[in-house]
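Asks: Sequence first, then the predicted structure:
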Amino acid sequence: MVTPKSGALSAGQRRWLFIASCLALAATALVFSIRAAIMDDLGASFHVDKELVGIFAGEAFLGFAAAILVGGPLCDALGMRALLSLASLLQVAGVLLTIAAPSYEILKAATFIIGLGNGLVEGVINPLIATLYPEKKTHRLNMLHAWWPGGLIVGGLLAYALAELGVGWKIKMAIILIPATVYGLMAAAQKFPATERVASGISAAAMFRETVRPMFLLLAFCMVLTATTELGPNQWMESVLRKTAHTPGILVLVYISGLMFVMRFFAGLLVRRISPVGLILACSALASVGLFALSYAYNAATAFSAATIFGIGVCYFWPTMLAITSEQFPKGGALLLSLVGAIGNIAVYRALPLMGRIYDQFGAAQAFRFLTVAPVVLVCIFLAMGAYFKTHGGYRAVTLKGETHLPEGAVGLNEPERQP
């Protein structure tokens, strides 16, 4: 039996931790949308071409990947409260350095630091929510990740409004300091649970063995494609659609984010009717059609129409990939969630400058069009994966016995079992 050292968390404590996690993710999204809105401004300020703009923007995803890789396992060793507080400090420091950056190289370093903070947020909140709500992982992770588009909406609208008022990019960046500081203070004041793996007594060796299982390796490859499909075009949305559709791309990003914000709250209803694998399959098909259509958008009407299909397509990618990983490999704990997140961010880090190079050499539309191959490949993979699960009795989540919301430091002796 799992016995907590100082008692399980109350419903109120779980709720406050969920709220703090949502605010932390919204702050991370604010960074993404404001950076998307000012990429051309930064290129002009530092006198660099689109490929170099893509390289600097990619630093955030490299930092994200590095932090999430380290932060996931450290959740078990140092505790989630310490890491979430550190994430807040890194985001604040990175924003201040960005504003004061005297050169392109310092700008890259500042962007990397912000990425470290963003990665620690992701490295903490995913295992935290999986631990707090083990019986509703797909639903709760989608609810949590609704605040990614929520933050994109707020950041995009603020960036657009300030641009209309003639406000410079430095003031836009400074807005990020507000939510980053608030969630840091909230995290410092809360009691956090031990991770699901620690609470269930799964050894570190068992956790690391999960990383070489064939199904996990396939999911990791799929994360490369889902992350690139979602985040690559979104980061370039303002710049590309200004050129091709003569439309404020930041407003298209806000619109896509609005669709995602609303739809992620209904993920629980969807997964009662179709499996998470079926959900990713349907989303991949829609994303491929929407992204291809976006590359041909020539005015506001065609841009928003294509964005509707694309937004619905990418809506459930990130949280559902995390949910499948957590449900199929709970013994992998924070490590596997971190690996999947890191792999996704490394993929975007590599994709952004490649998109910038294609933009420079072949035009803005081609930067979107070449990427359409990624969701097409996903359709093929998840068709095969769905067939695999069907021949094995259907998709089922793997659970750990005696899952209890324990404070940090608690231990247990339970073994995993498959949910009936």
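Replies: In hand now; what should we look at? In this text the structure is predicted, and so the values were computed from the model without any measurement.

Asks: What segments of the stretch 101-250 of the chain are strands?
Replies: Ranges of strands in the stretch 101-250 of the chain, per DSSP state E, counting those that start in this stretch: none exist.

Asks: Now do the contacts for the residue nearest to residue 256 when sequence neighbours are not counted.
Replies: Nearest residue to residue 256 in three dimensions, chain neighbours excluded: residue 311, at 3.7 Å (Cβ to Cβ, 6 or more residues apart in numbering). To be clear about C-beta, it is placed using only N, CA and C from the backbone, and glycine gets the same treatment. For residue 311, the contact set (Cβ atoms under 8 Å, 6 or more residues apart in numbering) comprises 255-257, 259-260, 290.

Asks: Could you list every helix and strand in contact with the helix or strand where residue 99 lies?
Replies: Using DSSP states H and E, residue 99 maps to helix 80-100. Packed against helix 80-100, as judged by 3 or more Cβ pairs under 8 Å, 6 or more residues apart in numbering; DSSP states H and E, are the following elements: helix 11-46, helix 50-78, helix 104-132, helix 169-174, helix 177-188.

Asks: Name the secondary structure element that contains the residue nearest to residue 256.
Replies: helix 300-314.

Asks: what does residue 399 give?
Replies: Going by DSSP H and E, residue 399 is in strand 398-400.

Asks: pLDDT below threshold where in the stretch 101-250 of the chain?
Replies: 195-201 (pLDDT under 70).

Asks: Leaving out chain neighbours, which residue sits closest to the most centrally placed residue in the chain?
Replies: Nearest residue to the geometric centre of the chain (Cα atoms, centre = their mean): residue 318, 5.8 Å. Using Cβ to Cβ, 6+ apart and skipping residues adjacent in sequence, the residue nearest residue 318 is residue 145, 5.9 Å away.

Asks: ok, that neighbour - how many residues close by?
Replies: 29 (other Cβ atoms under 10 Å).

Asks: And for residue 164?
Replies: By the measure other Cβ under 10 Å, the count of residues near residue 164 is 9.

Asks: OK, contacts around it?
Replies: Residue 164 makes no contacts at all, as judged by Cβ under 8 Å, 6+ apart.

Asks: Repeat that for residue 346.
Replies: Residue 346 touches 61-62, 65, counting by Cβ under 8 Å, 6+ apart.

Asks: how much space between it and residue 90?
Replies: Separation of residue 346 from residue 90 (Cβ to Cβ, to the nearest Å): 19 Å.

Asks: I figured residue 372 hits residue 291, correct?
Replies: Yes: between residue 372 and residue 291 there is a contact at 5.1 Å, judged by Cβ atoms under 8 Å.

Asks: What score does the nearest residue to residue 127 once chain neighbours are set aside have for pLDDT?
Replies: Nearest in space to residue 127, with sequence neighbours left out and distances taken as Cβ to Cβ, 6+ apart, is residue 334 at 3.8 Å. If you check residue 334, the pLDDT there is 73.

Asks: what kind of secondary structure is residue 334 in?
Replies: helix (DSSP: H, G, I helix; E, B strand; the rest coil).

Asks: Count the neighbours of the residue nearest to residue 223 when sequence neighbours are not counted for me.
Replies: In space, and not counting its chain neighbours, residue 223 is closest to residue 344: 4.6 Å by Cβ to Cβ, 6+ apart. Residues contacting residue 344 under the criterion other Cβ under 10 Å number 29.

Asks: Quick one, grab the pLDDT at residue 344.
Replies: Listed pLDDT for residue 344 reads 90.

Asks: right, and it touches residue 318 too?
Replies: Yes: judged on Cβ under 8 Å, residue 344 makes contact with residue 318 at a distance of 7.2 Å.

Asks: Show me whatever sits in contact with both of these two.
Replies: Contacts common to residue 344 and residue 318, judged by Cβ under 8 Å, 6+ apart, are 226-227.

Asks: All the strands of the stretch 301-420 of the chain, residue numbers only.
Replies: For the stretch 301-420 of the chain, the strands defined by DSSP E, counting those that start in this stretch occupy 398-400, 416-418.

Asks: So residue 279 is in contact with residue 269, correct?
Replies: No: using Cβ under 8 Å, residue 279 is not in contact with residue 269, being 11.1 Å away.

Asks: which ones are touching the residue nearest to residue 318?
Replies: Contact analysis of residue 145 by Cβ under 8 Å, 6+ apart lists 25, 264, 318-319, 322.

Asks: Let me have those in a markdown table, extended by pLDDT and distance to residue 78.
Replies: Formatted as a markdown table, those follow (pLDDT from 0 to 100; distance: Cβ to Cβ, whole Å):
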| residue | pLDDT | distance to residue 78 |
| --- | --- | --- |
| 25 | 94 | 20 |
| 264 | 83 | 30 |
| 318 | 89 | 25 |
| 319 | 86 | 25 |
| 322 | 88 | 21 |
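
Asks: Whichever of these end up buried, select them in PyMOL.
Replies: Per 16 or more other Cβ atoms under 10 Å, the buried members of the contacts of residue 145 correspond to this PyMOL selection:
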select buried, resi 25+264+318+319+322
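
Asks: if you look at the contacts of residue 145, which of them are in helices?
Replies: Members of the contacts of residue 145 lying in helices (criterion: DSSP state H): 25, 264, 318-319, 322.

Asks: Format these as JSON lines; extra columns: distance to residue 17.
Replies: As requested, those are arranged in JSON lines below (distance: Cβ to Cβ, whole Å):
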{"residue": "25", "distance to residue 17": "13"}
{"residue": "264", "distance to residue 17": "19"}
{"residue": "318", "distance to residue 17": "20"}
{"residue": "319", "distance to residue 17": "17"}
{"residue": "322", "distance to residue 17": "17"}
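
Asks: which among these gets closest to residue 152?
Replies: For the ones in helices among the contacts of residue 145, the closest approach to residue 152 (Cβ to Cβ) belongs to residue 25, at 10.5 Å.

Asks: Return the residues in contact with that closest one.
Replies: Listed by Cβ under 8 Å, 6+ apart, the contact partners of residue 25 are 121-122, 125, 144-145, 147-148, 151.

Asks: circling back: identify, out of the helices and strands packed on helix 80-100, the most deeply packed stretch.
Replies: Among the helices and strands packed on helix 80-100, ranked by average contacts under mean count of other Cβ atoms under 10 Å, first place goes to helix 104-132 (a mean of 26).

Asks: How far off centre is that one?
Replies: Counting by Cα atoms, centre = their mean, to the nearest Å, helix 104-132 is centred 10 Å from the centre of its parent chain.

Asks: With stretch 331-340 instead?
Replies: How far stretch 331-340 lies from its chain's middle: 14 Å, per Cα atoms, centre = their mean.

Asks: buried set for stretch 259-275?
Replies: For stretch 259-275, by 16+ other Cβ under 10 Å, it's 259-261, 263-264, 267, 270-271, 275.
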